[in-house]
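J.: Mind folding the following:
(2 chains)
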There are 2 protein chains.
Amino acid sequence: AASGEPLSALCTPALVVDVDKVKRNAKRMMERCHQLGVQLRPHMKTHKTLECADIMTGGSRRCIVVSTLAEATFYADHGFDDILYAYSLPFDKVERCAALSERLDLFQVLLDHPDALERLRKRPLKGGRRWHADGVELTGVYAHCGNTYNCKGVEQIQAVAQETTSFTLQFMEKLKAVGISCKSSIGSTPSCSHPVSDMGKLSEVHPGNYVFYDVQQSMIGSCGLEDVAVRVLTRVVGHCPHRNQLLVDCGWTGISLDGAGKLPTGYAMIEGHPDLKLLSMTQEHGRVEPISGPLDYSKYPIGSLLTLIPYHSCAAAAMHPVYHVHSEGRLMGKWTPTRGW
Amino acid sequence: AASGEPLSALCTPALVVDVDKVKRNAKRMMERCHQLGVQLRPHMKTHKTLECADIMTGGSRRCIVVSTLAEATFYADHGFDDILYAYSLPFDKVERCAALSERLDLFQVLLDHPDALERLRKRPLKGGRRWHADGVELTGVYAHCGNTYNCKGVEQIQAVAQETTSFTLQFMEKLKAVGISCKSSIGSTPSCSHPVSDMGKLSEVHPGNYVFYDVQQSMIGSCGLEDVAVRVLTRVVGHCPHRNQLLVDCGWTGISLDGAGKLPTGYAMIEGHPDLKLLSMTQEHGRVEPISGPLDYSKYPIGSLLTLIPYHSCAAAAMHPVYHVHSEGRLMGKWTPTRGW
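T.: Below you'll find the model as predicted:
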């Protein structure tokens, strides 16, 4: 499908990204952090693309978080710097971390075990650099309020955000009392979408999913469904009246198996068809049925397009070697994510 | 990790393929089909690599099945021919199917709806070729006994194999009675791993998963666990005594969420540790806990390697941009699968 063509020109299944919503989600998070007075360090794990990283960093290509060394290397290769690898130092990857530390202005690793400190000491950095007590410097404290994902609504999100912030700030005070001054960072898209004012006392926040959002985030209360920037397009490829089902061309290779049992509409929401459920999937097929009553097949001819709103955009995006980007339904180009470790 | 190195040289998570088991599984299926007198048309969807396709076709690069047009194009680009696209003709991909039909000696598509026949008629092939009644020729009848996946044990598998074969052969007789002679094919790794003699009356069989097998196939009774040719290697990256858990570096990006609720050991079996369970996963972390009792952390130091046997090898492989191939634990090289549609 060429630039300027409508989404219906795409072969399916296809992951499509609404670039206007991406920009709006990114802008709102930057503004929110600016108002709080906290540094935003956006996480790249949801999309893993250069283009979206540019949007999330406002073009600075600085101050990002990644979930894998493949991402770190990909971004480093393309001029990004000040990269935080948000993973407890993996002992099999110390050499690769050292190489990135020697090559970038700033590459940050996480330690949560005394053995990890020992590993860093055994691999001193070249070029006069050092793992910023004995050749290792503590840069900051990194916490993630993953428990916001159990919240329903802004009030619950803000209670968890407040608790995480308070615990982190109390810990910083204890560090200061023993003479250690360093940065602090908490994360999660829910808490950063509805921040509490105390988060302004932290150094950084590190949300990531917000750039796409998804059905899960809308259920938590992080966003409205209208903020979700990604869809998986699929087509009807079969009618199964003996089972009161449609077959669609999106299997688990197109949207993942994330979200099982979470939604009345199955593994996704089907845009404009709240009465339909994505019941189950095989590798290349999805089974769609009405939540109740008989299916009106005349509404879903073979070849017709359905639009899935993913339960978890990180998991859906991870299945796609390319994302199709559009503005108001007109294709603008493709984004290619990095994969692997 | 270089060729000849042990598996422990790999960064994790990593999908590793035992090439000797792959060759043995492939050879046994070829011999079984030869003895039955039925043509084997192996399915590529499990691995999607050239190297494994060569092993499954005995080097002929002919007579394969694929699940996506991306696979069809990938194999066509690398000298494969006689490719069956095992998908009801998708209306958005008629032009791409036509192009493959014009380019290959033989490219076969599946039709299961009168509208699909109409689509083919509207796109006559160039170069004197034709969609093999009115410009379209029926090549054969393709059935898949997916219900073998609900079997437990050889007896149940063979009952389904017999039923599918009998129904298919009866249908062929009905076609013959109205003057139509054509091929017949049934599939599934369970039925082809334990075929019934009547399957010799079919033209072809089209299993695929057998080349890797997996825990699911061992539970169905298609194979023994010792036949499973793939593993996901993972390392301990955290101790969580407050939860009686280990953290490992395999999340759903490393093995998929397939198999939820199917095994007492969670999303996989952990080789040599039948007492451990892969309870849950986030994007880059797995939580491992004992099936019962307290965890002995001294047995699982940070950095130690665990070996996961996937519940569903198709789904686990789909998460990996590269497979690491070994013989008796020594690395031999990498296989790179094709992805997308």
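J.: Can you check the pLDDT for A:Gly128?
T.: Note for A:Gly128: predicted pLDDT of 84.
J.: Next, see if stretch A:308-325 gets close to chain B.
T.: Yes - between stretch A:308-325 and chain B, judged by CB under 8 Å from any CB of the partner chain, the touching residues are A:314-315, A:318-322. In short, each C-beta sits where N, CA and C put it, glycine included.
J.: Near the residue of the stretch 201-341 of chain A found nearest chain B, how many other residues are there?
T.: As assessed by CB to the nearest CB, chain B sits closest to A:Gly303 within the stretch 201-341 of chain A, at 3.5 Å. A:Gly303 is flanked by 18 other residues according to other CB atoms under 10 Å in any protein chain shown.
J.: and it, what does it touch?
T.: A:235-237, B:90-92, B:115 (CB atoms under 8 Å, 6 or more residues apart in numbering or on different chains).
J.: do that again at 10 Å, thanks
T.: Residues in contact with A:Gly303 (CB atoms under 10 Å, 6 or more residues apart in numbering or on different chains) are A:12, A:235-237, B:89-92, B:94, B:113, B:115-116, B:119.
J.: Select from these every entry located in helices.
T.: B:94, B:115-116, B:119 (DSSP state H).
J.: Show me the shaky parts of the stretch 1-150 of chain A.
T.: By pLDDT under 70, the low-scoring segments of the stretch 1-150 of chain A are A:132-136.
J.: if we can go back for a sec, could you dump the contacts of A:Gly303 to CSV with distance to A:Gly208?
T.: Below are the contacts of A:Gly303 laid out as CSV (distance: CB to CB, whole Å):
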residue, distance to A:Gly208
A:Thr12, 27
A:Arg235, 30
A:Val236, 33
A:Val237, 34
B:Leu89, 40
B:Pro90, 34
B:Phe91, 37
B:Asp92, 32
B:Val94, 39
B:His113, 43
B:Asp115, 43
B:Ala116, 42
B:Arg119, 42
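J.: Drop anything exposed from those residues.
T.: For those, a neighbour count by 16 or more other CB atoms under 10 Å in any protein chain shown gives the buried set as A:12, A:235-237, B:89-92, B:94, B:113, B:116, B:119.
J.: which two in the residues you listed are spaced the farthest apart?
T.: A:Thr12 and B:His113 (17.0 Å; CB to CB).
J.: do stretch A:86-101 and chain B meet?
T.: Yes - Stretch A:86-101 reaches chain B (CB under 10 Å from any CB of the partner chain) through A:86-96.
J.: now, among those, which is nearest to chain B?
T.: For these, the nearest to chain B is A:Phe91 (3.6 Å; CB to the nearest CB).
J.: just checking, the closest one touches B:Ile302?
T.: Yes - A:Phe91 is within contact range of B:Ile302, at 6.6 Å (criterion: CB atoms under 10 Å).
J.: Which strand or helix spans A:Ser280?
T.: Assessed by DSSP states H and E, A:Ser280 sits inside strand A:276-281.
J.: check contacts around A:Asp105.
T.: A:62, A:81-83.
J.: between the residues you listed, which has the most around it?
T.: Of those, with other CB under 10 Å as the count, A:Ile83 tops at 27 neighbours.
J.: which other helices and strands contact the helix or strand in which that one is found?
T.: In the assignment (DSSP H and E), A:Ile83 maps to strand A:81-88. For strand A:81-88, the packing partners by 3 or more CB pairs under 10 Å, 6 or more residues apart in numbering or on different chains; DSSP states H and E come out as strand A:62-66, helix A:69-77, helix A:94-103, strand A:107-110, strand A:140-142, strand B:230-240.
J.: so does the shortest one get close to chain B?
T.: No - if you take CB under 10 Å from any CB as the test, strand A:140-142 misses chain B, and the best it gets is 14.0 Å.
J.: Tell me the helix or strand right after that strand.
T.: Next along from strand A:140-142, by DSSP H and E: helix A:154-177.
J.: Give me the subset of the residues of stretch A:308-325 next to chain B lying in helices.
T.: Among the residues of stretch A:308-325 next to chain B, DSSP H puts A:314-315 in helices.
J.: Now the buried members of the residues of stretch A:308-325 next to chain B.
T.: Neighbour counting by 16+ other CB under 10 Å classes A:314-315, A:318-320 among these as buried.
J.: Would you reformat those as TSV and include pLDDT?
T.: Output for those, formatted as TSV (pLDDT from 0 to 100):
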residue	pLDDT
A:Cys314	98
A:Ala315	98
A:Ala318	98
A:Met319	98
A:His320	98
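J.: need the residues you listed in a markdown table with distance to B:Ser203, can you?
T.: A markdown table is the format used below for those (distance: CB to CB, whole Å):
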| residue | distance to B:Ser203 |
| --- | --- |
| A:Cys314 | 44 |
| A:Ala315 | 40 |
| A:Ala318 | 39 |
| A:Met319 | 34 |
| A:His320 | 36 |
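J.: a markdown table for the helices and strands packed on strand A:81-88, including distance to A:Arg123?
T.: As requested, these are exported to a markdown table (distance: least, CB to CB, whole Å):
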| stretch | distance to A:Arg123 |
| --- | --- |
| strand A:62-66 | 20 |
| helix A:69-77 | 15 |
| helix A:94-103 | 5 |
| strand A:107-110 | 11 |
| strand A:140-142 | 21 |
| strand B:230-240 | 17 |
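J.: Please identify which of these is closest to B:Ala1.
T.: So among the helices and strands packed on strand A:81-88, strand B:230-240 is nearest, using CB to CB, at 10.9 Å.
J.: Contacts for the helix or strand following that closest one next, please.
T.: Elements were assigned by DSSP H and E; along the chain past strand B:230-240, the next helix or strand is strand B:245-248. Residues from elsewhere that reach strand B:245-248, judged by CB under 10 Å, 6+ apart: A:88, A:112, B:12-13, B:232, B:234-240, B:254, B:270, B:276-282, B:284-290, B:295, B:297, B:299-300, B:302, B:304-306, B:308.
J.: Could you spell out the sheet neighbours of strand B:245-248, each with its direction?
T.: Using DSSP bridges, strand B:245-248 pairs in its sheet with strand B:230-240 (antiparallel), strand B:286-290 (antiparallel).
J.: how about the nearest residue to A:Leu84, chain neighbours excluded?
T.: Excluding the flanking residues, the one nearest A:Leu84 by CB to CB, 6 or more residues apart in numbering or on different chains is A:Gln108, at 4.2 Å.
J.: Give the full set of residues in contact with that neighbour.
T.: A:41, A:65, A:82-86, A:97, A:100-101, A:131-132, A:139-140, A:142, A:183, A:185.
J.: circling back to that earlier point, rounded mean pLDDT for the strand holding A:Ser280, please.
T.: Mean pLDDT, computed over strand A:276-281, is 98.
J.: So which residues make contact with it?
T.: Against strand A:276-281 from outside (CB under 10 Å, 6+ apart): A:232, A:234, A:243, A:245-246, A:248, A:250-257, A:259-260, A:263-270, A:286-292, A:295, A:299-300, A:306, A:308, A:311, B:258.
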